[in-house]
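In: heads up, no residue letters with this:
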């Protein structure tokens, strides 16, 4: 499989994703899109361009999770995140003291956000949720592997953000701290 280069695309520096430019002019009577909606549209157009340039060209209806993985790997050439290899002396160091020849790749967070936008765009463009290639198990596993590999290369463990307590629960705890101690003491008695 070979992929022809998308010559009209460039790296969107704010979001770390490839976007097609220029897009056709929009009539002035349309509603201004949010930043998210604009990015989602650019990402969707870029993926469509990727499918057209795919050899052989690929229809969206025949696209699978494997094609999405090819697309994500293709995007690495536009990446700006240095990912140290295991042979690099700076592997596992969050702030390396000198330059190294390790490759630049797309950051995990950029890929994760991109997949989220493409997953939504697929369904907005008539795709059935159960047929969504962006939600395929292989794509989720790939994103997890990228996250873990990038965290190891930087020497920083990925920790899932803890959910915040609802404001009502926080107020109750502030008003009745002894109740919280009672609950803990009954649990550990």
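Out: Yes, it's here. Every value quoted in this text rests on a predicted model; they were computed, and no experiment measured them.

In: just the strands in the chain please.
Out: 2-3, 9-12, 17-20, 54-55, 81-82, 104-105 (DSSP state E).

In: can you tell me the strand partners of the last one and which way each runs?
Out: If I follow you right, that is strand 104-105. Each strand paired with strand 104-105, and its direction, by DSSP bridges: strand 81-82 (antiparallel).

In: contacts only, for residue 135.
Out: Going by Cβ atoms under 8 Å, 6 or more residues apart in numbering, residue 135 touches 119, 129. Every C-beta, even on glycine, is put in place using the N, C-alpha and C of the backbone.

In: i'd like the first residue to be 225 from this point on
Out: Shifting the count to begin at 225 puts that one at residue 359.

In: now do the same for it: its pLDDT.
Out: Here, the pLDDT recorded for residue 359 equals 95.

In: any idea how far it is from residue 352?
Out: 11 Å (Cβ to Cβ, to the nearest Å).

In: and if you look at residue 282?
Out: 18 Å.

In: who has more neighbours out of the two?
Out: residue 282 (17 against 8; other Cβ atoms under 10 Å).

In: tell me the pLDDT at that one?
Out: 90.
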